[in-house]
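In: curious how this folds, go ahead:
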Amino acid sequence: MKSSKPLRADAQRNRDALVRAAREIFAEEQTDVPFEDVARRAGVGAGTLYRHFPNRDALIAAVFEEEVAVLRDRAYHLLETGPPDKALESFLREMVDHMYRQRGLARTFFAASETAGGGLSDKGRVLEEAVTAILGRGVEQAVLRDDIPAGALMLALHGIGIASVSSERRVEADGVVQLMVDGLRRA
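Out: Sure, this is the predicted structure:
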């Protein structure tokens, strides 16, 4: 739950500890742990947990938002430090790596998105904006095609994400990334 005014330093530390603890728990695929266990792992009281997050969905959304922010920042960093076609390829590969490394988180996010009515998808749009920026720069520099929208890439990544939670088809996922990158480069 975000407030319009900044949190006090101690409140921000507690919130950060709660999100970190929840991320660890979800990554361990402990999705059904009592909500108060997150507070215990974070080293805070249950009241502190409920002050920041009134329910499990709010906590999952906060973890998801932080994950997305890290990935978004990485995409922009890649865009600023290399050619756009290489930035796109690196970002897509890193996304797939992340999906396969963080399967417990992915399962938690997919389960939550089923009940949240698309709320997590809305928070994930910043990734599509980052991919749009990479594609736009690639079009400007005439190294990427201009007829494939970022949404198409995000849909393919979503499919890989769904596959990653229940299969070991990592090699095939890398092949899909290669197909996307090859298909986007200008001939």
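
In: which strands and helices sit next to the longest helix along the chain?
Out: Counting by DSSP state H, the longest helix found in the chain is helix 56-81. If you count contacts as 3 or more Cβ pairs under 8 Å, 6 or more residues apart in numbering; DSSP states H and E, helix 56-81 packs onto helix 9-27, helix 35-42, helix 84-101, helix 103-116, helix 119-123, helix 125-140. Any C-beta I mention is one placed from the backbone N, CA and C, and that applies to glycine too.

In: okay, those helices in JSON lines with mean pLDDT, mean neighbour count and distance to R185 next?
Out: As requested, the helices and strands packed on helix 56-81 are arranged in JSON lines below (pLDDT from 0 to 100; neighbours: other Cβ atoms under 10 Å; distance: least, Cβ to Cβ, whole Å):
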{"stretch": "helix 9-27", "mean pLDDT": "91", "mean neighbour count": "18", "distance to R185": "35"}
{"stretch": "helix 35-42", "mean pLDDT": "92", "mean neighbour count": "18", "distance to R185": "45"}
{"stretch": "helix 84-101", "mean pLDDT": "92", "mean neighbour count": "20", "distance to R185": "6"}
{"stretch": "helix 103-116", "mean pLDDT": "70", "mean neighbour count": "18", "distance to R185": "28"}
{"stretch": "helix 119-123", "mean pLDDT": "63", "mean neighbour count": "16", "distance to R185": "28"}
{"stretch": "helix 125-140", "mean pLDDT": "95", "mean neighbour count": "18", "distance to R185": "9"}
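
In: what's the closest of those helices to L157?
Out: Of all the helices and strands packed on helix 56-81, helix 84-101 sits nearest to L157, with 5.6 Å by Cβ to Cβ.

In: output the contacting helices and strands for that closest one.
Out: By 3+ Cβ pairs under 8 Å, 6+ apart, helix 84-101 packs against helix 56-81, helix 125-140, helix 150-164, helix 170-184.

In: if I look at D146, how far off is G82?
Out: 20 Å (Cβ to Cβ, to the nearest Å).

In: for S90, that is, sorry about that
Out: 7 Å.

In: and the contacts of stretch 132-145?
Out: Residues outside stretch 132-145 that contact it (Cβ atoms under 8 Å, 6 or more residues apart in numbering) are 75-76, 78-79, 83-85, 87-88, 91, 146, 148-150, 153, 183-186.
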